[in-house]
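S.K.: Just the structure for this:
(chains A and B)
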Amino acid sequence: MAPSDNDRWDLTPRAFVHLLERLSSDRAVAAVEYESLRRRLADYFDWRGCPNPDVYADETLDRVARKLREGEKVDNVHKYVFGVARMLLLESVRRREREKVAHAEWRPLDVVDDPVDEDQVRCLESCMKQLPEETRELLIRYYQGDGRTTLAARKELAVGLGINSGALKVRAHRARGTLEACLRKCLHQKKKGGRR
Amino acid sequence: MSTRPAREQRLVDYLLGVLPAEQQEELEEHYLAEADLHTELQATADDLIHAYLVGSLSDDERANLETHFLASPRQRRRVEVMRAVLKVMRR
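M.R.: So this is what the prediction gives:
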């Protein structure tokens, strides 16, 4: 459930600019930070079990922009954003009975036997081929093994790359992000092609 | 007994919804202010999903993942994508 309509306030261009100015005096840097902060907020709401995390992330930033525009004294904008997000999360908890619904819908997966979407697999095969060789190799080596051998394989990989395991984890995450971006594009094109 | 470093275990506990409330809020305040910590959390979520799919989580962790973390449709989509990635890599 999203925030109620009574709570809604439409972000004005002036309020948005005011918020950006608080994030950074450099407009380009501020725009990047705004997007990054929005993603962090969406994950915050998602990880805390809030339905419609993107809506709540937008609502948080809208409310912060509104307060800044109204002249609220804010020393630390990130701390203030967290305060508003926490308040919105509490509001959402009062409104929902999400887990009951989610549990009814969700059943654990069997990685070996459950079918996977074949379009997705075809796109992933194509996307893997498009990755730079070192990125593809990194992903394959990072995700190889059956769980018992994964940790040792990752340690070996990190040593080979001359980085620590934390840096390797982030590098694999970014490589996976590149792969997923390609997957989304490929699936979108397939969908468009199918409608023709 | 988990073999994860303490820092990583804290992030895993957060994602599984078992981090004590005070530590949870402290971590949230930090990752909302620090993009690098948020990226580390996202990467930890990837590892958690992978560990779930290859069956290397403990029974408690698997149960918490299924009831808390995977209650989110976004995370369930990520699991589906990771399953497909693993299938492709194993072909």
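
S.K.: Every contact and neighbour count from this point should use C-alpha atoms.
M.R.: Will do.

S.K.: Which residues are in contact with residue B:11?
M.R.: Residue B:11 is in contact with B:41, B:44, counting by Cα atoms under 8 Å, 6 or more residues apart in numbering or on different chains.

S.K.: Any buried residues in the lengthiest helix in chain A, and which?
M.R.: As assigned by DSSP state H, the longest helix anywhere in chain A is helix A:165-195. For helix A:165-195, burial by neighbour count (16 or more other Cα atoms under 10 Å in any protein chain shown) applies to A:165, A:168-176, A:179-180, A:182-183, A:186-187.

S.K.: Next, see if it gets close to chain B.
M.R.: Yes: using Cα under 8 Å from any Cα of the partner chain, we find that helix A:165-195 touches chain B at A:166, A:169-170, A:172-173, A:180.

S.K.: residue ranges with poor pLDDT in chain A?
M.R.: A:1-9, A:97-114, A:194-196 (pLDDT under 70).

S.K.: Get me the contact residues on chain B for chain A.
M.R.: B:15, B:17, B:28-29, B:31-33, B:35, B:38-40, B:42-44, B:46-47, B:50-51, B:53-56, B:66-72, B:74, B:80-81, B:83-89.

S.K.: mind listing which of these are in helices?
M.R.: Short answer: those in helices (DSSP H) are B:15, B:28-29, B:31-33, B:35, B:38-40, B:42-44, B:46-47, B:50-51, B:53, B:66-67, B:74, B:80-81, B:83-89.

S.K.: Which parts of chain A are helices?
M.R.: A:13-23, A:27-47, A:53-69, A:77-95, A:98-105, A:118-130, A:133-142, A:150-161, A:165-195.

S.K.: Please identify the most buried of the ones you listed.
M.R.: Per residue and on average, the most neighbours among the helices of chain A fall to helix A:53-69, with a mean of 21 (mean count of other Cα atoms under 10 Å in any protein chain shown).

S.K.: Any regions of chain B where pLDDT drops low?
M.R.: B:1-2.

S.K.: mind redoing it with 80?
M.R.: B:1-3, B:90-91 (pLDDT under 80).

S.K.: tell me, what residue is most central in it?
M.R.: residue B:45 (3.2 Å; Cα atoms, centre = their mean).

S.K.: Tell me how far that residue lies from residue A:159.
M.R.: 23 Å (Cα to Cα, to the nearest Å).

S.K.: next one: residue A:152
M.R.: From residue A:152 to residue A:159 the distance is 11 Å (Cα to Cα).

S.K.: Then residue A:85?
M.R.: Counting by Cα to Cα, the gap from residue A:85 to residue A:159 is 40 Å.

S.K.: Repeat that for residue A:79.
M.R.: Residue A:79 is 38 Å from residue A:159, by Cα to Cα.

S.K.: For residue B:89, give me its contacts.
M.R.: Contacts of residue B:89 (Cα under 8 Å, 6+ apart): residue A:140.

S.K.: Domains in chain A, by residue range?
M.R.: A:5-104, A:118-195 (automatic domain parsing).

S.K.: residues near residue B:33, how many?
M.R.: 20 (other Cα atoms under 10 Å in any protein chain shown).

S.K.: can you tell me which residues contact it?
M.R.: Applying Cα under 8 Å, 6+ apart, the residues near residue B:33 are A:37, A:78-79.

S.K.: Residue A:65 too?
M.R.: A:11, A:15-16, A:18-19.

S.K.: who's in contact with residue 23?
M.R.: Since no chain was named, I'll use chain A. A:30, A:33-34, A:77.

S.K.: not quite, I wanted chain B
M.R.: So residue B:23 contacts nothing (Cα under 8 Å, 6+ apart).
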